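> here is a sequence together with a model predicted from it:
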Amino acid sequence: MQRHGKRRLTPEEAFAKVLREVRKERGLSQEDLGFESGYHRTYIGMLERGLMNPTLRTILSVASALEVPAGELVQRVETVLGKGWKRERETGS
């Protein structure tokens, strides 16, 4: 349930926020991260804007390039999402 009109972030948006924070903490540009992880900088940008849903392979590659455990990235995403995140139920028409 949403309170006071504040919308909860989607997992993609939470990953985007965490990815951008960690990349900046490491002093890397999107281009540098793309090169180190094997992805194009535009894909990194789309991940950072929450436009793409990263696969497990992507999370592992990006985490390796950032020199952080993938579990740490996921834990930070869970923290951003907040306690009790659940997939929204689809409503039938």
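The structure has been received and is ready for your questions. Numbers count the residues shown, from 1 in each chain.
> list the contacts for the spatially most central residue of the chain?
Nearest to the geometric centre of the chain sits Phe15, at 1.5 Å (Cα atoms, centre = their mean). Applying Cβ atoms under 8 Å, 6 or more residues apart in numbering, we find Phe15 in contact with 47, 50, 54, 59, 73, 77. Just so you know, the C-beta spots here come from the backbone N, C-alpha and C atoms, and that holds for glycine as well.
> rerun at 6 Å
Listed by Cβ atoms under 6 Å, 6 or more residues apart in numbering, the contact set of Phe15 reads Val77.
> Glu48 now?
Per Cβ under 6 Å, 6+ apart, neighbours of Glu48: 16, 19-20.
> gap between the helix ranked longest in the chain and the chain center?
If you go by DSSP state H, the chain has its longest helix at helix 11-25. Centroid separation for helix 11-25 versus its chain: 5 Å, with Cα atoms, centre = their mean, to the nearest Å.
> where does Leu33 fall, secondary structure wise?
Using DSSP states H and E, Leu33 maps to helix 30-37.
> er, Pro54 actually
Going by DSSP H and E, Pro54 is not in any helix or strand.
> got the buried residues for the longest helix of the chain?
Within helix 11-25, the residues that qualify as buried are 11-20, 22-23, counting by 16 or more other Cβ atoms under 10 Å.
> ok so, going back, from the contacts of Glu48, pick the one nearest Trp85.
Nearest to Trp85 among the contacts of Glu48 is Ala16, at 15.3 Å by Cβ to Cβ.
> ok, that closest one - contacts?
Applying Cβ under 6 Å, 6+ apart, the residues near Ala16 are 48-50.
> which single one of these is nearest to Phe35?
Glu48 (15.4 Å).
> now the spatially closest residue to the closest one that is not a sequence neighbour: how far from Lys83?
Spatial nearest neighbour of Glu48, excluding adjacent residues (Cβ to Cβ, 6 or more residues apart in numbering): Arg20 at 4.7 Å. Between Arg20 and Lys83 the distance is 23 Å, computed by Cβ to Cβ, to the nearest Å.
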